[in-house]
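Participant: Just need the structure, nothing else, for what follows:
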Amino acid sequence: MLNITNLTAHYRSSQALFGLSLQLNEGEVVTLLGRNGMGKTTTLHSIMGILASVGGSVSDGSISYKSNDITRKHSYQIARLGLALVPEGRQIFPNLTVRENLIATAANRQQHKHIWSEERVLDLFPPLADRLSSMGNLLSGGEQQMLAIGRALMTNPDLLILDDATEGLAPLVRQEIWRSILALKQRGLSILLVDKNLNDLMHIADRHYVVEKGRVVWNGDSETLHREYWIRDKYLGV
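Facilitator: Now for the predicted structure:
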């Protein structure tokens, strides 16, 4: 479904990605793991066509989605192909209500039969039901993350990308987010995500890519990652 081959990216004269490659198959949950500053967000920005907006550029390699070359497509063109990003920091619209945040992005460009609607999002995230008329900037961090995921789902994507899915959230709220991601996986949605809560990720994800200084240094399934503890100690420990 998604193929990244030998991706190289720069921020002006500073190189961020060094020939990074990964694959994601339809229906899979795949993670990008690594310490801060190792190239995870740069990879996601490259996929979504927004690297240039933060001062970067893809200088070599390719990104294909469902056999379409999207390496240098504009972000709106990529989104219309069925990719959706839940960005780091949520970035919901602060001066819109919860309902307005949801309907602002609503689309069904892939012509799905069972579309994501406001009602389906509220079924997935019941706490938002009582906040529909609240402005985005009045929500808690957990509510904002639920809204950011719901907003992305309203575009009816085939591939959902989450950057720091549970960063800064209380433990109970994190479990709510993991519950929702597992529910989405069970519905067949393909997911690529970045997060630091390794134990939770290993219960949900099918495969993992570990990134160190802009390179993939290991990839494999959850069972292998759990067994090969040296990978966690060397590349993921603080």
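
Participant: Show residues contacting stretch 8-21.
Facilitator: Identification of contacts with stretch 8-21 by C-beta atoms under 8 Å, 6 or more residues apart in numbering yields 4-7, 39, 42-43, 46, 51, 55-61, 211, 213-216. C-betas here are computed from N, CA, C, even on glycine.

Participant: Narrow the residues you listed to those in helices?
Facilitator: If you go by DSSP state H, the contacts of stretch 8-21 have 42, 43, 46 in helices.

Participant: Pull out the buried residues from those.
Facilitator: The neighbour count (16 or more other C-beta atoms under 10 Å) marks 42, 43, 46 as buried among those.

Participant: In this structure the last one contacts residue 7, no?
Facilitator: Pointing back at residue 46 there. Yes: between residue 46 and residue 7 there is a contact at 6.2 Å, judged by C-beta atoms under 8 Å.

Participant: Please identify every residue contacting each of these two.
Facilitator: In contact with both residue 46 and residue 7: 17, 58, 63, using C-beta under 8 Å, 6+ apart.

Participant: Let me know the closest of the buried ones among the ones in helices among the contacts of stretch 8-21 to residue 89.
Facilitator: Nearest to residue 89 among those is residue 42, at 15.5 Å by C-beta to C-beta.

Participant: Look up how far residue 61 lies from the closest one.
Facilitator: 12 Å (C-beta to C-beta, to the nearest Å).

Participant: Then residue 21?
Facilitator: Noted for residue 21: a distance of 8 Å to residue 61, by C-beta to C-beta.

Participant: Can you pick out the residue with more neighbours from those two?
Facilitator: Remark: of residue 21 and residue 61, residue 61 carries more neighbours, 18 against 15, as counted by other C-beta atoms under 10 Å.

Participant: For the longest helix anywhere in the chain, what does the pLDDT average out to?
Facilitator: The longest helix of the chain (DSSP H) is helix 171-186. Helix 171-186 comes out with an average pLDDT of 96.

Participant: Name the spans of the protein whose pLDDT lies under the cut-off.
Facilitator: By pLDDT under 70, the low-scoring segments of the chain are 238.

Participant: Do me a favour and get the end-to-end distance for stretch 135-149?
Facilitator: With C-alpha to C-alpha, to the nearest Å as the measure, stretch 135-149 spans 16 Å from end to end.

Participant: wait, I meant stretch 57-72
Facilitator: The first residue of stretch 57-72 is 9 Å away from its last residue (C-alpha to C-alpha).

Participant: Stretch 26-34 now?
Facilitator: End to end - C-alpha to C-alpha - stretch 26-34 spans 23 Å.

Participant: Let me see the contact set for residue 6.
Facilitator: 19, 20, 21, 60, 61, 62.

Participant: does the third one sit in a helix, a strand or a coil?
Facilitator: State at residue 21, reduced to three classes by DSSP: H, G, I helix; E, B strand; the rest coil: strand.

Participant: one step back: what touches both of residue 21 and residue 61?
Facilitator: Joint contacts of residue 21 and residue 61 (C-beta under 8 Å, 6+ apart) are 4, 5, 6, 7.

Participant: can I get those residues in CSV with distance to residue 186?
Facilitator: Shown next, in CSV, are these (distance: C-beta to C-beta, whole Å):
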residue, distance to residue 186
4, 26
5, 30
6, 33
7, 30
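
Participant: Buried ones from these, can you make that a ChimeraX selection?
Facilitator: A single ChimeraX command selects the buried members of these (16+ other C-beta under 10 Å):
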select :4,7
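
Participant: Residue 25 contacts residue 1, correct?
Facilitator: Yes: at 5.7 Å, residue 25 counts as touching residue 1 under the criterion of C-beta under 8 Å.

Participant: joint contacts of the two?
Facilitator: Taking C-beta under 8 Å, 6+ apart as the criterion, residue 25 and residue 1 both touch residue 190.
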